[in-house]
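Novice: Predicted model, plus sequence, below.
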Amino acid sequence: MLTLDKPLGTVLENRIVRTLADKSRMEWRRITDGKSPQGIWKPFLVDAAGDVLEEPVFMPLPGSQTTFLTCPIFEALYHGTRGPGKTMTLLMDFAQEVGKGYGKAWRGILFRLEFGDLDDVVKKIEEWFPQIWPDFKFLKSKSDYTALWPTGEALLLRNLPDEAGYDSYPGHEYRWIGSEELTQWPDDKAYRKIMSCSRSATPNMPCRMRATTNPYGPGHSWVKKRFQLPHMNGRVIRTPGEMPRVAIFGHLKENFLVTHNDPNYTKKLSPSSKAQQKAWIDGDWTVTAGGMIDDLWDPTRHVVPNIPANKIPRSWRITRAYDHGQSHPFAVGWFAESSGDAIKLDDGRRLGTVRGDIFMIAEWYGCSGNDNEGLRMPARKIAQGILDREEDWGLLGRVIPGPADTEIYSKDSRGTGRCPADDMAELNVHWERADKSPGTRARGWQMIRARLTDAFPEPDGTRSKPGFFVCERCVFWIDIVPPTPRGLKNQDDNPDTYADHLSDMTRYRLSWDMPRAWQFSF
């Protein structure tokens with residue numbers, strides 16, 4: 001029999017959520033319950049003297065939950081570790097407007113990428129909402145899947161598999177749009193399109209976009225970029241022509257309910273990789289998560305200082321590779337292949353100690369600034385840009401023509417009989433055909449993985465096989481390629497929707513055999 005030295009209901013600890021205008025307080029109290037010496041946590045609304053006015057069914061926790069629910073910014077992302085209660089807080093963000101007189105006009109929609117992933121959301125709705133609103137109903141039919149309140153408010157639950165899924169929603173109006181686990185969408189196209197449905201014809205009615213996520217998933221890169229994480233965390237982003245947005249970070253340590261009831265929660269997460277562990281437990285956006293190479297990529301090993309042209313030994317070979325693009329971006333990469341004669345850096349490090357080490361020393365990514373949107377630049381102008389850059393970098397005359405996307409050999413559809421390769425050749429920018437035969441995409445990714453692996457020393461501290469390294473100035477490559485996700489249908493390649501131009505260009509180079517005429521001095 002448990003013996004307590006304090007009477008039932010004694011307050012052992014309290015944590016204030018908010019102090020209201022009338023001096024009453026929302027607070028959580030840990031009280032004795034007669035079952036355990038640790039007691040239980042319960043929410044209370046108390047007056048200025050601390051006397052209980054009400055025991056609400058739900059109350060946000062102090063910290064990120066409260067910040068998210070009181071956020072006045074149109075677009076807000078609740079991100080962070082596993083465990084701070086993001087899903088429940090997302091639901092309550094919609095529900096907090098119920099009963100305020102908006103009635104049927106307060107209509108929202110909550111999306112998951114896959115329909116089956118809504119099950120956890122439904123479970124929370126069915127557990128909590130009837131306790132707060134006795135006449136609440138949930139339409140369980142898969143065709144309906146809607147939370148309905150007796151005062152007319154409605155929250156629809158739907159899946160949004162991709163950009164084409166938006167075709168079911170033009171003309172729809174939702175005052176509230178939520179997205180659960182935002183990084184599960186591999187790109188931002190569906191998210192941006194559905195944002196156009198967030199509008200209200202009713203004066204003074206709130207209208208907002210809300211989302212939750214942790215850093216791990218196929219969409220890691222675009223979500224990180226959109227909310228400028230981690231450095232803009234908690235700071236409002238204001239971009240001309242767009243509504244303001246903000247990211248709010250939540251950590252498991254804030255959720256004292258979980259840590260109190262289940263102290264071993266973090267041990268049960270069982271992340272499958274170091275990257276997933278950092279994402280789930282630390283909420284770390286610097287990881288490369290969900291990618292083709294996320295288990296291998298290590299910026300402390302694979303990213304090296306920029307190498308000036310005059311530091312590259314004459315015995316090394318400098319090549320370039322190219323992936324063509326017009327409506328989508330093009331990508332040019334410059335690579336230096338070691339002869340075994342090492343470069344000594346100012347900090348004492350030696351690069352290229354293994355014959356065949358390949359360094360990506362520079363890049364040109366032809367992107368408009370919007371995700372996966374190209375510059376529509378004529379091939380002749382691209383060729384001139386290549387020459388200009390090689391002259392600026394001190395590489396002019398040293399670059400060996402490398403592999404290029406075979407699309408540059410496709411004749412102009414207007415009947416001129418010319419192809420992009422012809423236009424480039426007129427400026428003395430030449431290429432070799434990249435191997436794009438069946439199976440080369442998967443083999444190319446295997447080549448990248450092998451090279452990244454061989455960049456690490458063996459148990460005796462030495463390296464015997466050539467690795468692959470990227471210079472610091474290749475910022476687009478570093479930002480886009482490491483988080484490249486695996487395709488849902490083909491795990492050996494990236495999804496068709498992902499911006500793969502830089503990785504394609506890299507695959508061309510790493511799987512290309514340099515002509516023997518250029519290897520004679522190695």
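Specialist: It's in.
Novice: which element follows the helix or strand of the chain with the lowest mean pLDDT toward the C-terminus?
Specialist: The helix or strand of the chain with the poorest confidence is helix 274-282; it has a mean of 73 (mean pLDDT, DSSP states H and E). Proceeding N to C from helix 274-282, the next assigned helix or strand is helix 299-302, under DSSP states H and E.
Novice: Who are the packing partners of the following helix or strand past that next one?
Specialist: The helix or strand immediately downstream of helix 299-302 is strand 303-304, counting by DSSP H and E. Contact analysis of strand 303-304 by 3 or more C-beta pairs under 8 Å, 6 or more residues apart in numbering; DSSP states H and E lists strand 468-471 as its packing neighbours. All C-beta spots, glycine's among them, are computed from the backbone N, C-alpha and C.
Novice: Now with 10 Å, please.
Specialist: Judged by 3 or more C-beta pairs under 10 Å, 6 or more residues apart in numbering; DSSP states H and E, the packing partners of strand 303-304 are strand 358-366, strand 468-471.
Novice: related to what we said a few turns ago, with just CA atoms, put the least confident helix or strand of the chain into PDB.
Specialist: Provided in PDB are the C-alpha atoms of helix 274-282 (Å, rounded to 0.1, in the frame of the first residue of the first chain):
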ATOM      1  CA  LYS A 274      22.800   9.100 -37.200                       C
ATOM      2  CA  ALA A 275      21.100  11.600 -39.400                       C
ATOM      3  CA  GLN A 276      17.600  10.400 -38.300                       C
ATOM      4  CA  GLN A 277      18.800  10.400 -34.700                       C
ATOM      5  CA  LYS A 278      19.900  14.100 -34.900                       C
ATOM      6  CA  ALA A 279      16.600  15.000 -36.600                       C
ATOM      7  CA  TRP A 280      14.300  13.200 -34.300                       C
ATOM      8  CA  ILE A 281      16.000  13.800 -31.000                       C
ATOM      9  CA  ASP A 282      17.800  17.100 -31.600                       C
END
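Novice: how near is Leu351 to Ile312?
Specialist: According to C-beta to C-beta, to the nearest Å, Leu351 stands 10 Å off from Ile312.
Novice: list the residues that contact both of these two?
Specialist: Common neighbours of Leu351 and Ile312 (criterion: C-beta atoms under 10 Å, 6 or more residues apart in numbering): Ala336, Ser338, Ile343, Phe359.
Novice: Tell me how far the host helix or strand of the first one lies from the chain's centre.
Specialist: Using DSSP H and E, Ala336 maps to strand 330-337. Going by C-alpha atoms, centre = their mean, to the nearest Å, the spacing between the C-alpha centre of strand 330-337 and its chain's C-alpha centre is 25 Å.
Novice: Residues contacting the helix or strand immediately after it in the chain, please?
Specialist: Counting by DSSP H and E, the next helix or strand C-terminal to strand 330-337 is strand 343-344. Strand 343-344 has contacts (C-beta under 10 Å, 6+ apart) with 304-305, 307-308, 311-313, 316, 336, 349-353, 357, 359.
Novice: again, 8 Å this time
Specialist: The contact list for strand 343-344 (C-beta atoms under 8 Å, 6 or more residues apart in numbering) reads Ile307, Lys311, Ile312, Pro313, Arg350, Leu351, Gly352.
Novice: before we move on, what about stretch 475-487?
Specialist: 186, 217-221, 225, 288-294, 297, 299, 303, 333, 360, 363, 365, 367, 470, 472, 492-496, 498-500, 502-503, 506.
Novice: Report whether Phe138 is found in a strand, as I expect.
Specialist: Yes - counting by DSSP: H, G, I helix; E, B strand; the rest coil, Phe138 is found in a strand.
Novice: give me phi/psi at Leu91?
Specialist: phi -60, psi -40 (degrees, to the nearest 10).
Novice: That one contacts Glu127, doesn't it?
Specialist: No - counting by C-beta atoms under 8 Å, Leu91 sits too far from Glu127 to count as a contact (10.6 Å).
Novice: the more surrounded of the two?
Specialist: Set Leu91 next to Glu127 and count neighbours by other C-beta atoms under 10 Å: Leu91 wins out with 23 against 10.
Novice: for that one, what are its contacts?
Specialist: Leu110, Val121, Lys124, Ile125, Trp128, Leu155.
Novice: ranges for the strands of the stretch 151-300 of the chain?
Specialist: 154-159, 176-179, 208-213, 245-250 (DSSP state E, counting those that start in this stretch).
Novice: Likewise for the stretch 301-450 of the chain?
Specialist: Counting by DSSP E, counting those that start in this stretch, the strands of the stretch 301-450 of the chain are 303-304, 317-323, 330-337, 343-344, 350-351, 358-366, 399-400, 403-404, 432-433.
Novice: tell me the angle of the third one relative to strand 358-366?
Specialist: Spelled out, it's strand 330-337. Using axes from the mean of the first three to the mean of the last three C-alpha atoms, to 10 degrees, the inter-axis angle of strand 330-337 relative to strand 358-366 is 160 degrees.
Novice: that older thread, rebuild the strands of the stretch 301-450 of the chain as TSV, extending it with mean pLDDT and mean neighbour count.
Specialist: TSV is the format used below for the strands of the stretch 301-450 of the chain (pLDDT from 0 to 100; neighbours: other C-beta atoms under 10 Å):
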stretch	mean pLDDT	mean neighbour count
strand 303-304	96	18
strand 317-323	97	24
strand 330-337	98	25
strand 343-344	92	16
strand 350-351	94	14
strand 358-366	98	23
strand 399-400	96	17
strand 403-404	98	26
strand 432-433	96	16
